[in-house]
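J.: A predicted structure for the sequence below; I have some questions about it.
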Amino acid sequence: MATERARALLVGDIMTRPVLTAAASDTVAEAAARMHARRVGSVVVVEGDTPVGILTERDLVAFAAGATDARTALVGDYMTGDPDTVQESEEVIDAFRRLAAHGYRHIPVVAAGKLVGIITMRDLIMKLRRGPAAAAHGAVGPSAAVEALPPVASDVTSTLLSLLDAGRATVPAVVVPDGPELSYRALRQHVGRVADTLASLGLARGDRVGIVLGNSPEAVVAILGAAAAAAAVPLNPAYTEDELRYYLEDVSARALIVPRRGAEAARRAWAGGAPLIEIAVAPHEIDEALLRHPAVAEAVSFGVPHGTWGEVVEAAVVLRADATEAQLLRHCRVHLADFKIPTRLHLVESVPKGSTGKIQRARMPSLLRGAR
């Protein structure tokens, strides 16, 4: 019996309905009370069935910074007017790109101009179905994404973490135009490291982890890693220090993930003494670039101290065929930005691994020093 090809997941498949709505003439206090009662982060402002604005948690934070009385202030004066919308017939991957590109957390869904639902980042993370979701990997194209995942009946509900586990090791999982690319193997490694770090800090299921990262592979890794070990709470890096402090306190975040450099507002907003985790994916990006060379069987990059720069990146490779350090460095220059190219390559017989087979990256500098 032929297997029916999974169709692309549509916005209408995962959107939330009915939508919490308000009129522009309602007071801010009334709208805020409805949001609190429904435990949602936004209310869509309508005229009839047509969305004309949206009032979000961020709008309420900005409102609270003033001295206006919420019992007399009108929603129409504080909403974001003429909101961006998506059609219920659009593919989820297109809606996700719009959320990411503009930093949205909520987008009203319309059909023939009338409000029919709303889609949020939470919908994308919590409600994806495994079968149709295969085609949502738009970064590598629907056909490649379907090929990357084994056939699954379209009525089997699963999670993004299941998709991560099922992806074939060498198939691209995260692709940034003119930027880095992560295979499923590399993505699993990164996600595992984040989850392990959170678990080692005592976080468990249900504990909330604030994530303040721009649109990047790091954001994908952090969200999936936090979801695997605890609960992910992505926040817009464009928020002010006061806004970030409000949200972090409101969700009772127990840890915060930020980029290795920057995010100063988030760092200032974070409570002293609580875990602050910095994330970067460059080391595995270097590994993946080296593994693309046909002569390389294993590769591991690592930082070593440097008197001027503080730290530089080197790499060790195990060869399956003849290749020189110069040839491998030329290969790196094709696949990596200049600042990510290792300053030195070591040709070794093996790389250290733990009992589970995981490469022990941190041991490489001391092992190489001992071999000299």
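T.: Sure thing, it's come through.
J.: Can you show me the strands along the stretch 51-200 of the chain?
T.: 80-81, 86-87, 106-111, 114-120, 172-175, 181-183 (DSSP state E, counting those that start in this stretch).
J.: neighbouring contacts of the first one?
T.: Read that as strand 80-81. Contacts with strand 80-81, where a contact means C-beta atoms under 8 Å, 6 or more residues apart in numbering, come from 52-56, 59. Every C-beta, even on glycine, is put in place using the N, C-alpha and C of the backbone.
J.: Just put those residues in TSV and tack on neighbour count.
T.: Converted to TSV, the contacts of strand 80-81 look like this (neighbours: other C-beta atoms under 10 Å):
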residue	neighbour count
Val52	17
Gly53	21
Ile54	24
Leu55	26
Thr56	20
Asp59	20
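J.: re earlier: any chance of the strands of the stretch 51-200 of the chain in JSON lines, with distance to Asp13, mean pLDDT and mean neighbour count too?
T.: Converted to JSON lines, those look like this (distance: least, C-beta to C-beta, whole Å; pLDDT from 0 to 100; neighbours: other C-beta atoms under 10 Å):
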{"stretch": "strand 80-81", "distance to Asp13": "26", "mean pLDDT": "88", "mean neighbour count": "12"}
{"stretch": "strand 86-87", "distance to Asp13": "13", "mean pLDDT": "90", "mean neighbour count": "20"}
{"stretch": "strand 106-111", "distance to Asp13": "11", "mean pLDDT": "91", "mean neighbour count": "22"}
{"stretch": "strand 114-120", "distance to Asp13": "10", "mean pLDDT": "90", "mean neighbour count": "21"}
{"stretch": "strand 172-175", "distance to Asp13": "22", "mean pLDDT": "74", "mean neighbour count": "21"}
{"stretch": "strand 181-183", "distance to Asp13": "26", "mean pLDDT": "71", "mean neighbour count": "21"}
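J.: of all those strands, which lies closest to Ala228?
T.: strand 172-175 (14.8 Å; C-beta to C-beta).
J.: Strand partners (parallel or antiparallel) of that closest one?
T.: Using DSSP bridges, the strands paired with strand 172-175 in its sheet are strand 181-183 (antiparallel).
J.: if we can go back for a sec, now the contacts of strand 80-81 as CSV including pLDDT and distance to Pro217?
T.: Output for the contacts of strand 80-81, formatted as CSV (pLDDT from 0 to 100; distance: C-beta to C-beta, whole Å):
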residue, pLDDT, distance to Pro217
Val52, 94, 37
Gly53, 93, 34
Ile54, 93, 29
Leu55, 92, 33
Thr56, 87, 27
Asp59, 81, 30
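J.: among those, which are in helices?
T.: Using DSSP state H, the subset of the contacts of strand 80-81 located in helices is Asp59.
J.: Could you point out which of the contacts of strand 80-81 is nearest to Gln87?
T.: Nearest to Gln87, judged by C-beta to C-beta, of the contacts of strand 80-81 is Ile54 at 16.7 Å.
J.: Distance-wise, check that closest one relative to Arg39.
T.: 17 Å (C-beta to C-beta, to the nearest Å).
J.: How about Glu325?
T.: Counting by C-beta to C-beta - Glu325 and Arg39 are separated by 58 Å.
J.: more crowded one of those two?
T.: The neighbour comparison of Glu325 against Arg39 (other C-beta atoms under 10 Å) goes to Glu325, with 14 against 6.
J.: who touches Thr16 in this structure?
T.: 117-120, 123.
J.: which one of the residues you listed is nearest Ala33?
T.: Of these, the one sitting nearest to Ala33 (C-beta to C-beta) turns out to be Ile118, at 18.7 Å.
J.: Tell me what the closest one is bridged to.
T.: Thr16, Pro108.
J.: can you pull the contacts of it?
T.: Residues in contact with Ile118 (C-beta under 8 Å, 6+ apart) are 15-17, 19, 42, 44, 106-109.
J.: now with 7 Å?
T.: By C-beta atoms under 7 Å, 6 or more residues apart in numbering, the contact set of Ile118 is 15-16, 19, 44, 106, 108-109.
J.: Format these as JSON lines; extra columns: distance to Glu264.
T.: Output for the contacts of Ile118, formatted as JSON lines (distance: C-beta to C-beta, whole Å):
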{"residue": "Met15", "distance to Glu264": "36"}
{"residue": "Thr16", "distance to Glu264": "34"}
{"residue": "Val19", "distance to Glu264": "36"}
{"residue": "Val44", "distance to Glu264": "33"}
{"residue": "His106", "distance to Glu264": "27"}
{"residue": "Pro108", "distance to Glu264": "33"}
{"residue": "Val109", "distance to Glu264": "36"}
